[in-house]
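Novice: this is a predicted model, with the sequence first.
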Amino acid sequence: MKSNFAASAFLMMFLFSSTLRAEAPEHFYNANENLNPDPKYTPGDVPLEDTNKARSFYTAEQQELAASGDTASEVLYTLGHGEISFSAVKNETANVLGFFRNYFGVVKIKDGIPVGLTMVIDINSLDTAVPGRNNRILNLLFRSMTPELGTARVEFQELDWGGKSFAEAGDGAVHGIKASGTLDLNGVQKPITASLNLQKQKGIWAVETASPISILISDYQFENRVYELMKSCNHKSIGNQVDVKVELFFK
């Protein structure tokens with residue numbers, strides 16, 4: 001009897017979670033009345049709102065993270081090169097490539113093994129190579145002038161890579177790691193997983209994504225702002241999935 005009840009409960013939970021996943025749209029669509037039919041129409045410039053308070057908040061988060069080491073762990077810090085990039089889709093087929101230029105991260109090493117990776121990302125450092133587009137995304141989608149919304153935080157508390165130390169493998173060996181933790185974005189915290197490659201060579205640790213990290217806009221309560229952004233940009237649609245890649249260096 002208990003077994004049947006447990007099986008029924010599991011089935012209900014699975015169906016419920018599957019329904020929730022199915023509700024996530026592949027694209028957000030703009031209403032036809034919001035679209036300018038002129039193919040030569042170009043949206044006007046949008047000034048960037050004051051982000052000084054948000055940037056100060058990011059700096060404080062960076063400093064707090066830098067001071068978070070403990071005596072039981074070796075702490076490695078990001079170097080001044082590397083990149084965090086993302087790819088999004090507009091109008092169903094057009095890819096938009098962007099970068100976040102300012103970030104700071106630490107890797108904790110204990111007994112020669114990586115045990116955690118934490119990053120803070122300055123949302124206001126967004127760069128899509130089009131200043132007007134940057135301003136629209138920051139103002140309308142991220143609302144990054146709000147201090148708490150101008151910083152994203154990634155914490156990988158679990159790194160699963162088989163337990164073999166880098167010392168045993170030697171310099172230059174590449175290790176595949178399954179990382180799991182949380183992403184705090186837009187005031188929302190969600191679980192996140194990533195497939196990463198780690199390599200140590202001549203005292204420098206390189207961390208890069210083995211495959212893109214897929215993030216859904218709908219998971220982070222951006223939906224209404226997506227429609228504001230589409231209207232301002234005269235886009236027919238914006239894809240719900242954003243793929244993130246990283247290439248980072250620690251020492």
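Specialist: Arrived safely, thanks for sending. Residues are numbered from 1 along each chain as shown.
Novice: C-alpha only now, for contacts and for neighbours.
Specialist: Will do.
Novice: so what's I137 up against?
Specialist: Contacts for I137 (C-alpha atoms under 8 Å, 6 or more residues apart in numbering) come out as L229.
Novice: so who does the closest residue to F100 other than its chain neighbours touch?
Specialist: Using C-alpha to C-alpha, 6 or more residues apart in numbering and skipping residues adjacent in sequence, the residue nearest F100 is L126, 4.7 Å away. Applying C-alpha under 8 Å, 6+ apart to L126 gives the contacts 98-101, 134, 138.
Novice: over to E83?
Specialist: Shown in contact with E83 (C-alpha under 8 Å, 6+ apart): 99-101, 246-248.
Novice: name whatever forms a beta bridge with F104.
Specialist: Beta-bridge partners of F104, counted by DSSP bridges, are V120.
Novice: buried residues, the longest strand along the chain. List them.
Specialist: What stands out as the longest strand in the chain, according to DSSP state E, is strand 74-90. Burial within strand 74-90, assessed by neighbour count using 16 or more other C-alpha atoms under 10 Å, is assigned to 74-78, 82-90.
Novice: just to revisit the earlier point, which of the contacts of L126 fall in helices?
Specialist: N134 (DSSP state H).
Novice: between the contacts of L126, which has the most around it?
Specialist: L138 (22 neighbours; other C-alpha atoms under 10 Å).
Novice: now it. Nearest residue, chain neighbours left out?
Specialist: S144 (5.5 Å).
Novice: surely the one you found is in a strand?
Specialist: No: checked against DSSP: H, G, I helix; E, B strand; the rest coil, S144 lies outside a strand; its state is coil.
Novice: what about it, distance to F99?
Specialist: Applying C-alpha to C-alpha, to the nearest Å, the value for S144 to F99 is 15 Å.
Novice: what do you get for V75?
Specialist: Distance, V75 to F99, using C-alpha to C-alpha: 26 Å.
Novice: again, but for Q201
Specialist: From Q201 over to F99 the distance is 26 Å, taken as C-alpha to C-alpha.
Novice: kindly report the same for D160.
Specialist: The value you get for D160 to F99, if C-alpha to C-alpha is used, is 27 Å.
Novice: same check, this time on N135
Specialist: Counting by C-alpha to C-alpha - N135 and F99 are separated by 14 Å.
Novice: mind listing the helices for the stretch 101-250 of the chain?
Specialist: Taking DSSP state H, counting those that start in this stretch as the test, the helices found in the stretch 101-250 of the chain are 131-136, 166-169, 223-233.
Novice: nearest to N186, out of the ones you listed?
Specialist: The minimum distance between N186 and the helices of the stretch 101-250 of the chain falls on helix 223-233, with 11.4 Å, by C-alpha to C-alpha.
Novice: buried residues, that closest one. List them.
Specialist: In helix 223-233, counting by 16+ other C-alpha under 10 Å, buried: 225-233.
Novice: could those residues be laid out in JSON lines, adding pLDDT?
Specialist: Formatted as JSON lines, the buried residues of helix 223-233 follow (pLDDT from 0 to 100):
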{"residue": "R225", "pLDDT": "96"}
{"residue": "V226", "pLDDT": "97"}
{"residue": "Y227", "pLDDT": "96"}
{"residue": "E228", "pLDDT": "95"}
{"residue": "L229", "pLDDT": "96"}
{"residue": "M230", "pLDDT": "96"}
{"residue": "K231", "pLDDT": "95"}
{"residue": "S232", "pLDDT": "94"}
{"residue": "C233", "pLDDT": "94"}
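Novice: so which of these comes closest to G176?
Specialist: Using C-alpha to C-alpha, the buried residues of helix 223-233 come closest to G176 at V226, 35.1 Å.
Novice: with that, I have no additional questions.
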